[in-house]
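Student: from the sequence below, what's the structure:
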Amino acid sequence: MFKQLLVFAAIAAIAVARPEPRATMCDPDPKLGCYSDTGAWDRWGFPLPETSTKIGVKFYLYTRGYSSSQTIHYNSPSTISGSRFNGNRDTKIIIHGFNSDSSSTWMHNMKNAFMTKGYFNVILVDWGNGAQTGIDYDQASANTRVVGDQVGELIKALPTSKSRVHLIGHSLGAHTSSFASVRAGKVGRISGLDPADPNFQGQSTAAKLDKSDADFVDVIHSDADAFLLGAGYGTKDASGHLDFWPNGGEDQPQCGLFKNVQRDMRHMGDTKGDIGCDHGAAHTYYVESINSACSFTAKPCSSYSNYKSGSCTSCFGNPCPIMGYRAVEFKNYYYNNYKLFLRTNKNAPHCSGAKSAESADIVRPLGHDVPFKIQPRSRDFE
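Tutor: Numbering: from 1, shown residues only. Coordinates of the predicted model:
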């Protein structure tokens, strides 16, 4: 009898968690349309996204030579045409994750690094009202659908080629980048910084970051432990054309015994909104890579244990790939679908000092990602 009561209680809990049938959420912004819990989003207990009005996404444009931002929006064309946006320059769109907003230090560190690097349009996406949902991570996860579509609408409204757009997202922001690119019709590049595991790992490609989402997708995995309280916030799924796994992709050397619950995170760039030291390491490495003279060079290998033992020294006749900003230089090389491993230093600067794999005849113009000339590719990415 007791077991029967437990079963009944479990069934009742599921019924309460997801009453059936559920209404479709039709957003007040007619450009966004309606959202349902069908297809890839047909999951017990998973909520529909909140409206764009409640989420209140803001887009802050930064350009070199100006310390202040300009607020732009796809539903207000004059804010774009009257801004400093230059369609002849590459555009970097940076998206935060759960329990965060655009005041996060790492986002401004990245923006400032790009301002130092060259002439770019840098846009910080603030979806704090939809990401700061207390303990309701499921709701924040669902909200990425609306936020991604809004970013996609912004991209369509910008007077530039989609090939010049580079989305950079951390955690939930990585999956948001996926939805944005699909909405916009595929951008040039997505950099996923430890894409979130809960609600995304193992799901269909329609509901998570995948290499089909952009012309080139590079991913840094820094917290891909098994998901438990305080660990494993990043996905184990290979999500890009090139997936980098620094220090094995799970435990980062600068993170201490209580690395995933500590609120200090001295080398993670920010305490606000970052759920753990390992998880935040991905954006720390990426920011450093933008202007570093040192290359985060990786080696393809079947396992991290083999990499540590020195068994993996070949890059199959290709230049060894570099993690972070310069990963795009290796988009046309094939590494036999192996994971790309490297080690980093415990203290900043984190680059271990590996030699650059850049070919001598590669020249990058100021403010442009793609080299004028690269080696012929050995195999196309599918």
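Student: alpha carbons only for contacts and neighbour counts from here, please
Tutor: Noted.
Student: for the lengthiest helix in the chain, name the packing helices and strands.
Tutor: Secondary structure of the chain per DSSP state H: the longest helix is helix 137-157. Helices and strands touching helix 137-157, by 3 or more C-alpha pairs under 8 Å, 6 or more residues apart in numbering; DSSP states H and E, are helix 52-55, helix 128-131, helix 172-184.
Student: just the angle for the longest one relative to helix 137-157, thanks.
Tutor: Note on geometry: by axes from the mean of the first three to the mean of the last three C-alpha atoms, to 10 degrees, helix 172-184 and helix 137-157 are set 40 degrees apart in direction.
Student: mind listing what's buried along helix 172-184?
Tutor: Of the residues in helix 172-184, 172-184 count as buried by neighbour count, 16 or more other C-alpha atoms under 10 Å.
Student: could you point out which element follows that helix?
Tutor: Per DSSP states H and E, the first helix or strand lying C-terminal to helix 172-184 is strand 187-193.
Student: next one: the next helix-or-strand element following that following strand to chain centre, how far?
Tutor: Sequence-wise, the next helix or strand downstream of strand 187-193 (DSSP H and E) is strand 214-220. Offset of strand 214-220 from its chain centre (C-alpha atoms, centre = their mean, to the nearest Å): 9 Å.
Student: roughly how far apart are Gly185 and Tyr35?
Tutor: Distance of Gly185 to Tyr35, given as C-alpha to C-alpha, to the nearest Å: 19 Å.
Student: and the two? Which one has more around it.
Tutor: Per other C-alpha atoms under 10 Å, whichever of Gly185 and Tyr35 has more neighbours is Tyr35, with 18 against 13.
Student: list the contacts for that one?
Tutor: Residues near Tyr35 by C-alpha atoms under 8 Å, 6 or more residues apart in numbering: 24-27, 48-49.
Student: related to what we said a few turns ago, pull out the buried residues from the longest helix of the chain.
Tutor: Quick answer for helix 137-157 (16+ other C-alpha under 10 Å): 137-157.
Student: centre of the chain to it, how far?
Tutor: Per C-alpha atoms, centre = their mean, the centroid offset for helix 137-157 relative to its chain is 13 Å.
Student: run through who's touching the helix or strand that it is followed by.
Tutor: Counting by DSSP H and E, the element after helix 137-157 in chain order, helix or strand, is strand 165-170. Surrounding strand 165-170, the residues in contact under the criterion C-alpha under 8 Å, 6+ apart are 90-97, 155, 174-177, 187-196, 282-283.
Student: so strand 165-170 versus strand 187-193, what angle?
Tutor: Using the same axes, to 10 degrees: strand 165-170 against strand 187-193 is 10 degrees.
Student: pLDDT averaged over strand 165-170 - what is it?
Tutor: Per-region confidence: strand 165-170 scores 98 on mean pLDDT.
Student: stretch 338-358 too?
Tutor: Stretch 338-358 comes out at a mean pLDDT of 81.
Student: how far does that stretch sit from the chain's center?
Tutor: Worked out by C-alpha atoms, centre = their mean, stretch 338-358 lies 20 Å from the chain centre.
Student: how about it: buried residues?
Tutor: Neighbour count says stretch 338-358 has 338-344, 349-352, 357-358 buried, by 16+ other C-alpha under 10 Å.
Student: for those residues, name the two members farthest from one another.
Tutor: Tyr338 and Pro349 (26.6 Å; C-alpha to C-alpha).
Student: picking that back up, nearest to Cys320 among the contacts of Tyr35?
Tutor: Pro49 (41.3 Å).
Student: distance check, that closest one against Ala142.
Tutor: 5 Å.
Student: over to Thr38?
Tutor: On the measure of C-alpha to C-alpha, Thr38 and Ala142 end up 13 Å apart.
Student: now the phi/psi pair for His73, please.
Tutor: For His73, the backbone dihedrals (degrees, to the nearest 10) come out as phi -160, psi 140.
Student: what bridges to it?
Tutor: His73 forms beta bridges with Ser76, as assigned by DSSP bridges.
Student: give me the neighbour count for it.
Tutor: Neighbour number of His73 under other C-alpha under 10 Å is 19.
Student: try Ile72
Tutor: With other C-alpha under 10 Å as criterion, Ile72 counts 22.
Student: so which helix or strand takes in the closest residue to it other than its chain neighbours?
Tutor: Nearest non-adjacent residue to Ile72, counting by C-alpha to C-alpha, 6 or more residues apart in numbering: Thr79, 4.9 Å away. According to DSSP H and E, Thr79 maps onto helix 77-81.
Student: which strands or helices does that helix pack on?
Tutor: Using 3+ C-alpha pairs under 8 Å, 6+ apart: helix 77-81 touches strand 70-72.
Student: try it again with 10 Å
Tutor: Applying 3 or more C-alpha pairs under 10 Å, 6 or more residues apart in numbering; DSSP states H and E, one finds that helix 77-81 contacts strand 70-72, helix 137-157.
Student: need the ones you listed in JSON lines (columns: distance to Val287).
Tutor: Listed next are the helices and strands packed on helix 77-81 as JSON lines, based on distance: least, C-alpha to C-alpha, whole Å:
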{"stretch": "strand 70-72", "distance to Val287": "22"}
{"stretch": "helix 137-157", "distance to Val287": "22"}
